[in-house]
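A.B. asks: give me the fold of what follows.
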Amino acid sequence: MKLSYALLFSALAASFAVAAVAQQSAPPAAPASSQDLPDAPQATVAAAIHPNGPTVVMDTSMGRITCQFYQKEAPKTVANFIGLAEGTIDWTDPATKTKQHHKPYYDNTTFHRVIPEFMIQGGDPTGTGMGDPGYSFEDELNPNLNFDAPGKLAMANSGPNTNGSQFFVTEQAVDSLNQHYNLFGQCDDSSVQVVKAIARVERNADDKPLTPVVLKKVTIVREGEPIPPLPADATPAAPPKQ
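C.D. replies: Sure, this is the predicted structure:
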C-alpha cells in the first residue's frame, strides 16, 4: 500500500532517510534546496493574509506550541481539527476499530516523526504513523497561503483529498510544500523554538523519537477567551541543538 498520510519527499531531499515500508503515514516532503521567489503581486496578496479565528494551544512534554488558525482560508480543515480536538465529531479508534463519541482525539498522542531543520508530525493515536480517524476529507488549498515562514501548521496527506487527523508544524520556510498540503495555522515565535527542540531529539532510522514526545493536551481558545495557564508540570523546552 502506498504510504497514507505520507507527505511526499522531494527528489532534492535524499539526505532525509525514510523507511520504505508499507505504512499509512510519513513526514512531509523535505525542503528543496532552491526555489524561485514569488513575484511581487503574489507576495503582496500573501502578506495581506493574517491568521484569524480560534487559537490552538498544544501542551507537549517539551513545552507549549500555540498557533492561530487560518479559519477563513481553510474552514473545513479548521473545523475538522477543532472537532477532533474537542471530541465533537465521531472518529474510529485506529487500534480497536471502535467508534468514539465525545472523546478528544489528540490528547496524549505523540509526535511520531521529527526531522531537524524541517518539521515535527503528530496526530496518530497509535504512535506508529499508521493511524487515522477512520475517514478522509478533501484538499483545501489557497493559492496565496504558502509555507513561506517558520511555524506553519498543516495536514499530512498521501496525495490529493486524503486528509484525516495527522498534522505537522514546520520550523522554517519550505517552498517545496506549497499548494500540496492543507495549511491551516500559524504558530508564534516561541512555539517555533519548541518545534526546533522536539525536532532534534534522538530518533531512529524512521525519524521516530527514541523517547516519546507527548502531546499531553490540546485546547481550542476562541475569541475573547483567555489562554489557559501552563500545566503545573510544564518545563521550558531545552534550547535546540545546533
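A.B. asks: helices of this structure, start to end?
C.D. replies: Ranges of helices in the chain, per DSSP state H, are 40-47, 75-86, 189-199.
A.B. asks: for this structure, which spans come out with low pLDDT?
C.D. replies: For the chain, residues meeting the criterion pLDDT under 70 lie at 1-47, 235-242.
A.B. asks: all strands for it, in order.
C.D. replies: For the chain, applying DSSP state E gives strands covering 55-60, 63-69, 91-92, 99-100, 109-110, 113-115, 119-122, 152-155, 167-170, 183-187, 214-221.
A.B. asks: dump the helices of the chain to CSV, plus distance to residue 146.
C.D. replies: The way it works is simple: take the backbone N, C-alpha and C, and place the C-beta from them, glycine included. Output for those, formatted as CSV (distance: least, C-beta to C-beta, whole Å):
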stretch, distance to residue 146
helix 40-47, 7
helix 75-86, 15
helix 189-199, 17
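A.B. asks: so which of those comes closest to residue 167?
C.D. replies: helix 75-86 (7.2 Å; C-beta to C-beta).
A.B. asks: now do that closest one: which elements does it pack against?
C.D. replies: strand 55-60, strand 183-187, strand 214-221 (3 or more C-beta pairs under 8 Å, 6 or more residues apart in numbering; DSSP states H and E).
A.B. asks: what about 7 Å?
C.D. replies: Packing partners of helix 75-86 (3 or more C-beta pairs under 7 Å, 6 or more residues apart in numbering; DSSP states H and E): strand 183-187, strand 214-221.
A.B. asks: most tightly surrounded among those strands?
C.D. replies: Across the helices and strands packed on helix 75-86, averaging neighbours per residue (mean count of other C-beta atoms under 10 Å) puts strand 183-187 on top, at a mean of 25.
A.B. asks: now what about that strand, what contacts it?
C.D. replies: Outside strand 183-187, the residues within contact range by C-beta atoms under 7 Å, 6 or more residues apart in numbering are 51, 56, 65-70, 74, 77-78, 81, 145, 147, 151-155, 169.
A.B. asks: what sits up against stretch 86-105?
C.D. replies: Under C-beta under 7 Å, 6+ apart, the answer for stretch 86-105 is 83-85, 125-126, 131-134, 165, 218, 220.
A.B. asks: and residue 161, how many neighbours does it have?
C.D. replies: Residues contacting residue 161 under the criterion other C-beta atoms under 10 Å number 11.
A.B. asks: actually, residue 173.
C.D. replies: By other C-beta under 10 Å, neighbour count at residue 173 equals 16.
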